[in-house]
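[1] dropping a prediction and its sequence here:
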Amino acid sequence: MESIVDIPPVMLPHTIAGIMVYILFMRRGIIGEPFSQIGIIFEGAYPGIVAAMFFVSSPYFVNAVRDGFEKVPVHLENAARTLGASRFQAFRLVVLPLSLRHIFNGSILAWGGRGIGEFAAIIMIAYYPMVISTLIYYKFTTAGLRESTAVAFAMILVCLVVFAILRSLMKRVGKYDDRV
């Protein structure tokens, strides 16, 4: 199961991941067809961009969260159970709070490390509407290096600010971890 989770971002070239996304989410695809019958179209639309980003970035989140859950000492969960907590309560009150840092890190890795920069899977399913990666490519191919550099620099600044805010929040989550 871990190998299946890791294949899209780690082993496959980006273009193959893009083809997989397109095959799954096109109007006649396994996932796309039922959604198109209720009016949700992935090709050339925002849902396609979200599906592509999710497809290539979700393994980073899954792996980080799995590692976080594995690091929670089992005896703490067992202690909660012996004190009368149900399995769900033990998970909610012990495992989840102790795994918050990993969940947060997984979110940052998935979004910032892979999702926001995805290019190939996005252009396969939805070149338009443009996201930052396709916009930079478009600017480079139509207007040259100067135009694409300006957009890339703006994106670097936005990412820097977002990551500074996320890291600040992460420190607060870390303080919460220390109290638990």
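    That came through fine.
[2] show me where this structure has its strands.
    Along the chain, no segments are classed as strands by DSSP state E.
[3] where does the prediction get shaky in this structure?
    8-9, 173-180 (pLDDT under 70).
[4] one more time with 80, if that's ok
    Across the chain, the ranges flagged by pLDDT under 80 are 1-11, 113, 170, 172-180.
[5] give me the number of residues near A121?
    By other CB atoms under 10 Å, 30 other residues sit near A121. The way it works is simple: take the backbone N, C-alpha and C, and place the C-beta from them, glycine included.
[6] stretch 33-45 spans what distance, first to last residue?
    The straight-line separation of the ends of stretch 33-45 (CA to CA, to the nearest Å) is 15 Å.
[7] next, count neighbours for the closest residue to M26 other than its chain neighbours.
    Spatial nearest neighbour of M26, excluding adjacent residues (CB to CB, 6 or more residues apart in numbering): G32 at 5.0 Å. Using other CB under 10 Å, the number of residues around G32 comes to 24.
[8] and if you look at V21?
    Residues lying near V21 (other CB under 10 Å) number 29.
[9] and if you look at L109?
    17.
[10] got a list of what the closest residue to it other than its chain neighbours touches?
    Spatial nearest neighbour of L109, chain neighbours left out: Y60 (4.2 Å); criterion: CB to CB, 6+ apart. Contacts of Y60 were listed using CB atoms under 8 Å, 6 or more residues apart in numbering, and they are 9, 106, 109-110, 113-114.
[11] again, 6 Å this time
    109-110, 113-114 (CB atoms under 6 Å, 6 or more residues apart in numbering).
[12] next: I30.
    With CB under 6 Å, 6+ apart, I30 has these contacts: L24.
[13] next one: phi and psi at it?
    phi -60, psi -40 (degrees, to the nearest 10).
[14] just to revisit the earlier point, list the contacts for the residue nearest to M26?
    Contact partners of G32, counting by CB under 6 Å, 6+ apart, are 25-26, 42.
[15] show me which of those are buried.
    Buried by 16 or more other CB atoms under 10 Å: 25-26, 42, out of the contacts of G32.
[16] so which of these is the closest to H102?
    Closest approach to H102 among the buried ones among the contacts of G32 (CB to CB): F25, at 28.9 Å.
[17] gap between that closest one and V65?
    Counting by CB to CB, to the nearest Å, the separation of F25 from V65 is 24 Å.
[18] how about I31: what's its closest non-neighbour residue?
    I31 sits nearest to L24 (CB to CB, 6+ apart), 4.9 Å away.
[19] what's the neighbour count on that neighbour?
    15.
[20] the one 5 residues further on now?
    Here the count is done by other CB under 10 Å, and G29 has 19 residues near it.
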